[in-house]
Every structure is written in C-alpha cells, then in structure tokens.
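Trainee: predicted model follows, preceded by the sequence.
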Number of protein chains: 2
Amino acid sequence: MTVAALPGPIDPPRRLLMGPGPIDAYPSVLRALSAPLTGQYDPFMTATMTETQELYRGVWGTANDATVVVDGTSRAGIEAAIVSLVRPGDRVLVPIFGRFGHLLAEISERAMAEVHTIHTDWGQVFTTAAIEEAIVRVKPTLLAIVQGDTSTTMLQPLDEIGELCRRHGVLFYTDATASLGGNPFEADQWGLDAATAGLQKCLGGPSGAAPITLSDRAVEVVTARKKIEAGIREPGDPSAPDFVRSNYFDLGMILDYWGPRRLNHHTEAASMLYAARECARLLLLEGREAVIERHRVAGEAMLAGVQALGLEVFGDVAHKMTNIVAVAIPDGVPGDAARAALLEDFGIEIGTSFGPLAGKVWRIGTMGYNARRDAVLTTLAALETVLRRFGVAVPAGGGVEAATDAYAGA
Amino acid sequence: MTVAALPGPIDPPRRLLMGPGPIDAYPSVLRALSAPLTGQYDPFMTATMTETQELYRGVWGTANDATVVVDGTSRAGIEAAIVSLVRPGDRVLVPIFGRFGHLLAEISERAMAEVHTIHTDWGQVFTTAAIEEAIVRVKPTLLAIVQGDTSTTMLQPLDEIGELCRRHGVLFYTDATASLGGNPFEADQWGLDAATAGLQKCLGGPSGAAPITLSDRAVEVVTARKKIEAGIREPGDPSAPDFVRSNYFDLGMILDYWGPRRLNHHTEAASMLYAARECARLLLLEGREAVIERHRVAGEAMLAGVQALGLEVFGDVAHKMTNIVAVAIPDGVPGDAARAALLEDFGIEIGTSFGPLAGKVWRIGTMGYNARRDAVLTTLAALETVLRRFGVAVPAGGGVEAATDAYAGA
C-alpha cells in the first residue's frame, strides 16, 4: 500500500445498534478505552486489577476470590472455563436450547471431553426435572449450560440447578454472555462453580474482555492442574501431569497473575481492562436491580411495540430474556433487504439468527446503553416505515404508541 | 461495594514507559480505541477488517492472503499458530535463547507435541549451522523460534532459516512480538510460514490484539484440520478427525470469519481492531524503513547513554534488538528500589528480567511512540540522578551528553 493510498484515521458511521450485540458502548466506556497505558506491575495497574475484581464480585453476586477477566472475547472465557475444569475423557453434560449450547458442546469436545447433550425445541427452555434426569443418567463431571441464548432469546432458569449439581457432585458452569446485567444473576445464591460473560451485551462495552468467576470448588480443580511455564518456574512449583491443554486459558496461571503472587502470564490488555472496569462501575453506580429493571421495562416496551406492529414473537415469551426479542419475518418480506434498509436509511442495526432460525426471524435487542426509551421508540418508528415499504400493512404509529404506553404503565 | 465506595472513572497517573513493554501508545491509537462500535457484519466493519489485513501485509512484508488479527494478547497469537499447525505427537523444534523460547516450547507441549529444544547462553543467538544441525537430527514438523526475546534483548537472525526449513520440509514459525516494527522483518523474503506479534512493543498500541500472517503452505495445514461448529455447520462442511484442540484458536475458523464467507466465530473485538489498524496505519504512514531507523537511532543513543553512565551492557551487543537494552544492576544497588524511585519521582518505568536474569539486570526500552529523543534523554537524566542517590559514582550529565552526541552523529 503506498502512502498516498493509506486510509485515514478510523471514523465509523453513526449507528444505533439494536441487534443481538455488540451494541453501542456507554460513552464513558469509550472514554475509558482511551486512557493512557501503564506498566503491568505499576502499583496503579495492579490496584486497578484488584479494584476490577471487586467490582465484578458485585456484578456476579459473589464473594468468590477468583473473580477476574480473561483477555479475549466471551468465547475465550468459555474456553478458559471448560478447558481448565475438564480433563480429557471427563463427561460433560450440555443441555442445548440454541446455538450457544452447541458451542459449549463443541468446545468441550475440543477439550477431549466425553460430551453428552440433551435438546429442547428452539424457543423453549429446560425444566429442572429434565436436567436432573440427565445428570442421574450421564453422571457428568461438569454441567455446562447457557443462561441466555441470544440465538433463540430464551433465558434458562438456573436458580434450582446449583443445589441439584451439589447433590450429585457435579460442577456447575454457565455462560451468561448474553444475559448478565440485564437479567437476574446470583452466582453464590444459585450455587455456580463457574460463570463467564462478555462486555458487548447488557454490560455496554466492546467485545474483547471476558469476566469470569470461579467458586472455591472450581479453584481446587484448576489449581490441581496448574503448570507453571519453564521460563519462570521456581523450585517447588507444581507441574501437574494432567495439565491444562492450553497455556493461554490455564486458569490456574491466570489466577496467579491476578493474585498476590502476580506471576507473569500474558501482558494484561490494559485498555480492555479499563473498559471492563467502567462497565462494572456504571452498573453498580446505577444499581444492579435498577439496571435489570431498566432492561425489563425497555424489553417489555419493545415487545409491546413489535406486537402492535403485527409481528409474531418467536418462542416462549414467559422465558424470554429481558434484553432481546425475536420476531418472525413477515411472509413475502426479504429479511436481509429490510435490515439493510434500516441500516442505510436510519443507521439502525437489527439482527437475524443462526441455524434453523437463519433468515426466519429478526432479533431486536434493547441492551446496556441502548435499553433506553428513545432507542426503543426510534427503532419502532423506523421499523414501521421499512415494513410498510416492503408491503406489510402496519398500523400508523402503532408500534411507537404501544411502547410509549408500556413505558407509561411501567 | 456500596455506591459511596465506588471508585471514579479510570484516571491513570502520568507515566513514561521505558521498560520492555507495554510502552505508551501513540496518542492517535488511544483515540482510535474510543471510536464508536459498529455491528460485526456492518459493511463498515467488514471493510475495516479487510483494510486492516492489507495494512498488516505492509507491516509483515508479505502478500499472504491469510493475514489477520487474533483477539487476545500476543500469547494468544502464539498459541493460535502452534495449536493450529501442530498435531498431537508432531515433532516441534524450539531453539531457546531466553524466556520466550521456553514459552514456545511450553505451548507446544500443551498442544501435545513431541518437543525438542536446543539452547544457547542467555545473551547469545544461534548460528544457522546450529539450527540446521538440529533440524537434521530432530526432523521436526515445525521450527518455532522467537525473533527478538525481550528477556535477553537478543535478536535472532532469521533471513537464512526459511530456505533451510523449505529444504528440509519443515514449517517455519516465529514470534516477532518484541521485534516487529523496530527491526527488519520480511515474512515472504525470509520464507516464514507463520509469524505472530502483539501491539504493545514497537507497534505502539495496547496489549490485546495479535497480528498473525500465514503462508499458503500453513493455510493448507490449518484448513485440513478445520472443524466448523455444529451450531452453524452446513451440509458438506468439513469436520476433520484430527481437529484443532481449541475452538477459539482454530485458525481455519478464524480465517473463515475474516474471509469472504464471513462465517461467524467470535464477535470481533472492534475497539482492539481499531487500535491494531491505527498502529499499522501509523507505521506505514511514517514508512516501514523510517520507523526501523528511528528505533535504531534511539536504541544506539540509549546504549551510548547507559555506557557513558558506566553501566555494563548485557549480552552480545552485535545481536541486540534496536529497541531494548539490558544493563547489569551495579553492585550494591537495590534494583527494585531504584526502579521504584524512578517511577515515583519521575513517572518513568524501566524493567527487570526473568529467570537467570531476574534482579540482575534492568531492561530499558525505546519502542514505538517512545523511540523518541526526548524520551531517551529524559530517562537518562532521571537514571543518573537515581544511580547517584544509591551511591553509584556517575559522571554528571554524561549519559545525556553521550546520547545527544549519538543523535547528532546519527
């Protein structure tokens, strides 16, 4: 590329991101990203790491000492949890109710686990009894289950599963990427052994950092498999024979880096750490319950709005996440062309889905910074226009009115 | 944490980061980090990904189509390369001349490779003959070698190794994290099959994104091992029996995400992508040779400065990276206390090292944004003051004068 051909500084177009995520980051999270760097052992940096751990304890609802951030996208957090908790040959049970259940199974399979899955129709969740039946039958080491699967919008109730897992001696892991912050989550009260997330949904940050929390029981497992690399190993350091088959995702080493020993592992991604810290700080500043309530209200308004536009809502609405709704693309409407029109004419992004739902539904999110009245109403007004353009008979102003009413009654 | 106890927005102290990295990011990289997010399939986002690929071809000196960024720190790039290129049981040869050679061996071992190492004293590099002898003896699938090992400051010559590897049918991978941008690198001319880096050294960005480039030969290997996950797999998609033992680091899937198929994998870490793009853009705007020359001149000035202060330089100076120098901590000086004084009184960070050099040397970097005359002179002035405070007889103004002369003669 010649100098003359080089592009200018990054200059993204104005967007309102109302899809399944990423969504617009909170303005103060964007500002945090541009804070100057500091060295990884600078007292300021280590204090910031410790502070971030404490903030995320508040977000997760946990007293877990092992509450840190993995440097990678939400999928990196999932892989770190699974590859560190599961030995090759261990049995893992994955109840699948959408695409991200498949991902947990896939990652467990890559970790050489013996993977058992149970399935429910897309748009439904599992009963506690169905999960217990499978646990009794499979006798897994680990239960890995998604809390909120954006592909179907469903929210799996988890509050009874921890007790179940404890009773059967099973480790309990959940991927809360899509749900955390916008729906209740109680790591300790629900008996979670591991939970992971990303910033790019209800936490209102960019993709690229994965908050994770581990119970003491989980820490015992990962610590027993720790392997300290030769370049920095000291006499007496452990080197387990059944070591984790990844260096980057070895949670034992990651915990040593975040813990008092500050043993060098990766070089902490400082900018993403600053963003992760700001996401948690904003959430706790507004109040955990208040943020969930804001998501609940925005989600109900969006639901009322799309229903008033005559769109059919996908799945079991009683088990829907607050922060996303899927609607059937009306007959005869070219789904992708309609989404492109929303993007081009209004700068608004909504999503489609995956697998059996690809091209069949649109997914509309109301997450994090965008769980806002003006974002909901603007999206509904634009959607109405686009639907009409593609020949759908929609009541004039009906979506906005229904959402306004929902806000008024909330 | 109660609301009253919550910390304020992130507000790092002023620092001049003259250690082994991270170093201060270029101001425009910090600005790029705070650009608004866009959706991962937004035409702007996909165009930005494609543009970033082209920029990094210029940085690496390659025409490789498979030139992308892995979402994680430099260590994530290393693991992606190794775990995707190496099958369990494959022989990997790692010539080790510092801590990060140990890391390549460690990651290969985690990938279940049969790892063979050769060693040279810390402070030295390998001859081509020594590497060839080991290749003939070990017959590895992959040669994995660090280009610049910050732990010792040494720069391994690589220009003859590609031909050697080609002749013996060995894949040739290097970790250029510490060296890329500040020292010559010619991926195609040197016959590299894979190379990875991070942003936090000579590229002048934050840790958290790992540029990577793969030759067609390497792409063949990773593509043959590709496994498309069940949630998005379509009829006819391959699922290799010897699949990569990681989902997050499966380069076949990562290339599909960056390539024309845009097959969903992770959610791209947009802010880090913006930063990575800006690092490459700045480098090409200044000119690749000009940036290396700036590093060479700054490095020589720093070298002259520390020598004029009477500090003994560690290792084979003829094979030193441009961008870092290690000096023996003078007898009787408490190394960590002196570093703490530099940080507290002047806001300047320098580093120590690892393993056999821990507490024995200081490492002083002149990288990326900080490969600047004022950064070099300020560091030398502050170091002189601190050395004198700890009882070392140093010539007044000698370090600054020698560095000034070096700049004048450059």
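Mentor: Everything's here; your move.

Trainee: what's the end-to-end length of stretch A:278-292?
Mentor: 17 Å (C-alpha to C-alpha, to the nearest Å).

Trainee: now do the buried residues in that stretch.
Mentor: Across stretch A:278-292, burial judged by 16 or more other C-beta atoms under 10 Å in any protein chain shown covers A:278-284, A:288, A:291-292. C-beta: built from backbone N, CA, C; applies to glycine.

Trainee: ok, and what's touching it?
Mentor: Residues from elsewhere that reach stretch A:278-292 (C-beta atoms under 8 Å, 6 or more residues apart in numbering or on different chains): A:26, A:28-29, A:31-32, A:52, A:55-56, A:58-59, A:61, A:181-184, A:199, A:202-205, A:211, A:294, A:322, B:1, B:3, B:6-7, B:9-10.

Trainee: now do the contacts for the residue nearest to A:S215 when sequence neighbours are not counted.
Mentor: Excluding its sequence neighbours, the residue lying closest to A:S215 (C-beta to C-beta, 6 or more residues apart in numbering or on different chains) is A:D193, at 4.4 Å. Shown in contact with A:D193 (C-beta under 8 Å, 6+ apart): A:85, A:165, A:171-173, A:214-215, A:217-218.

Trainee: quick one: the strands in chain A, in order.
Mentor: Using DSSP state E, the strands of chain A run over residues A:16-17, A:66-70, A:91-96, A:114-119, A:142-146, A:148-149, A:154-155, A:171-175, A:194-196, A:210-214, A:324-328, A:348-349, A:361-365.

Trainee: quick one, which of those is nearest to A:A340?
Mentor: Smallest distance to A:A340 across the strands of chain A (C-beta to C-beta): 10.1 Å, for strand A:348-349.

Trainee: touching, A:G181 and A:C202? I think so.
Mentor: Yes. At 3.4 Å, A:G181 and A:C202 qualify as touching, with contact defined as C-beta atoms under 8 Å.

Trainee: check what pLDDT A:V219 gets.
Mentor: At A:V219, the predicted lDDT confidence score is 98.

Trainee: near chain B, which residues of the stretch 101-250 of chain A are found?
Mentor: Proximity of the stretch 101-250 of chain A to chain B (C-beta under 8 Å from any C-beta of the partner chain) is limited to residues A:101-103, A:105-107, A:110-112, A:151, A:198, A:200, A:206-208, A:227, A:229-232, A:243-250.

Trainee: can I get the buried part of the contacts of A:D193 as one PyMOL selection?
Mentor: A single PyMOL command is used to select the members of the contacts of A:D193 judged buried by 16+ other C-beta under 10 Å:
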select buried, chain A and resi 85+165+171+172+173+214+215+218
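
Trainee: among the contacts of A:D193, which pair sits farthest apart?
Mentor: A:C165 and A:L214 (14.4 Å).

Trainee: how near is A:G399 to A:A406?
Mentor: Distance, A:G399 to A:A406, by C-beta to C-beta, to the nearest Å: 11 Å.

Trainee: list residues touching both of the two?
Mentor: By C-beta under 8 Å, 6+ apart, the residues touching both A:G399 and A:A406 are A:G305.
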